[in-house]
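Enquirer: please find the sequence and the predicted model below.
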Amino acid sequence: MRKPLIAGNWKMNTDGAGATALARSISEQSPGYGAVDLLVCPPLCYLKTVSSVLAGGTVMCGAQNMYWEKNGAFTGEVSAAMLLDCGATFVILGHSERRHLMGETDEMVNKKTLAAHAAGLTPIVCVGELLAEREAGKTAEVIRRQSEGSLAGLSEELMAATVIAYEPVWAIGTGKVATPQQAEEVHADLRKLIASRYNAETAERVRILYGGSVKPDNAAELLGQANVDGALVGGASLKADDFLAIAAAGTLLAPDDTKRPAGGT
Ligand code: PEP
């Protein structure tokens, strides 16, 4: 069974007091959400504080980026081991804001993905098309290129342990959410791509999250799709009540969801 994962990407928002309060509020209410995995990804400078607030509870902590080298003269970068040291167990990689604002390529995302796994961090690898690419009918081609490039060289086990986030760029922070059918189509394609590169069993184990303007009022329909295994949430993850309302939508679906196969995470 693929356990739904609801991940909050706080991006470059909040401050120390705000991060502590948000983490505390989510953590205190988390016992009611055991059917889903909950993850928050604060800004790097608050990682240690947030992971201390979450310690002993079930809410996990992740980072928003990392560098692929282990150490050395890479000013301003942090390694996977450093993130683990600060309490992270997940790391978001290849977010569209990094791809399009910071110039990250599939090759760079791939190096980060391999380095994250080597250190014991679970990567959440983001892929997604621009509006112009969708309108030109190139969504499938873009998703194939990004996923093959970013996920190259993974063993079967590491592929199964990787989380993919499909985030159409035109839906991130815009309020324009993909329809559940649009999301499901890409998620199903991604699973087929993994099945063709590995096998059906591996593909069935991979969690594929949807991201892009997920809110409490659209979460249930998106999470109800057969191949949507959770959400990567930006704006709505900055309010504990909204984040947990999205988690509640996943919780309601999780227990008797017969569409999701046995085996896997
Ligand atoms: C994101 O940053 O990954 C994201 C999906 O943002 P939002 O939910 O605000 O669209």
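Expert: Thanks, I have the structure now.
Enquirer: what residues are up against the closest residue to the ligand within the stretch 1-150 of the chain?
Expert: When scored by Cβ to the nearest ligand atom, the stretch 1-150 of the chain has N9 as its residue closest to the ligand, at 4.5 Å. For every residue, glycine as well, the C-beta is placed using N, CA and C. N9 makes contacts with 41, 64, 92, 95, 211, 232-234, 237, as judged by Cβ atoms under 8 Å, 6 or more residues apart in numbering.
Enquirer: could you do L209 as well?
Expert: Residues in contact with L209 (Cβ under 8 Å, 6+ apart) are 5, 7, 124, 163-166, 228-232.
Enquirer: from the chain's centroid, how far away is the strand or helix carrying it?
Expert: L209 is located in strand 207-211, with elements delineated by DSSP states H and E. Averaging C-alpha positions (Cα atoms, centre = their mean, to the nearest Å) puts strand 207-211 6 Å from its chain's average.
Enquirer: after that strand, next one along is what?
Expert: Trace forward from strand 207-211 with DSSP H and E and the next one is helix 219-223.
Enquirer: what's the following helix or strand after that next one?
Expert: Proceeding N to C from helix 219-223, the next assigned helix or strand is strand 230-233, under DSSP H and E.
Enquirer: burial count for S27?
Expert: Neighbours of S27 under the rule other Cβ atoms under 10 Å: 20.
Enquirer: for it, which non-adjacent residue is closest in space?
Expert: G57 (4.6 Å; Cβ to Cβ, 6 or more residues apart in numbering).
Enquirer: what residue in this structure comes nearest to the ligand?
Expert: Of all residues in the chain, the one sitting closest to the ligand is G234 (2.1 Å; Cβ to the nearest ligand atom).
Enquirer: may I ask you to confirm that that residue is in contact with G175?
Expert: No. Counting by Cβ atoms under 8 Å, G234 does not reach G175; the two are 11.2 Å apart.
Enquirer: the more surrounded of those two?
Expert: More crowded of G234 and G175, by other Cβ under 10 Å: G234, with 22 against 9.
Enquirer: please tell me how far S51 sits from C61.
Expert: Between S51 and C61 the computed distance is 4 Å (Cβ to Cβ, to the nearest Å).
Enquirer: where do the contact lists of the two overlap?
Expert: Contact criterion Cβ under 8 Å, 6+ apart; residues shared by S51 and C61: 87-88.
Enquirer: looking at these two, which is more packed in?
Expert: Neighbour totals were compared for S51 and C61, and C61 leads with 25 against 22 (other Cβ under 10 Å).
Enquirer: tell me which element that one falls in.
Expert: strand 60-63.
Enquirer: re earlier: what is the burial count for the residue nearest to S27?
Expert: G57 has 15 nearby residues by other Cβ under 10 Å.
Enquirer: what segments of the stretch 1-150 of the chain are helices?
Expert: Secondary structure of the stretch 1-150 of the chain (DSSP state H, counting those that start in this stretch): helices located at 16-29, 47-54, 80-85, 96-101, 106-119, 131-135, 139-150.
Enquirer: as TSV, these with mean pLDDT and distance to the ligand would be great.
Expert: Formatted as TSV, these follow (pLDDT from 0 to 100; distance: least, Cβ to the nearest ligand atom, whole Å):
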stretch	mean pLDDT	distance to the ligand
helix 16-29	98	15
helix 47-54	98	17
helix 80-85	98	18
helix 96-101	97	7
helix 106-119	98	15
helix 131-135	95	14
helix 139-150	98	15
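Enquirer: what would those helices look like in CSV with distance to D242?
Expert: CSV is the format used below for the helices of the stretch 1-150 of the chain (distance: least, Cβ to Cβ, whole Å):
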stretch, distance to D242
helix 16-29, 11
helix 47-54, 18
helix 80-85, 26
helix 96-101, 20
helix 106-119, 28
helix 131-135, 25
helix 139-150, 28
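Enquirer: okay then, goodbye and thanks.
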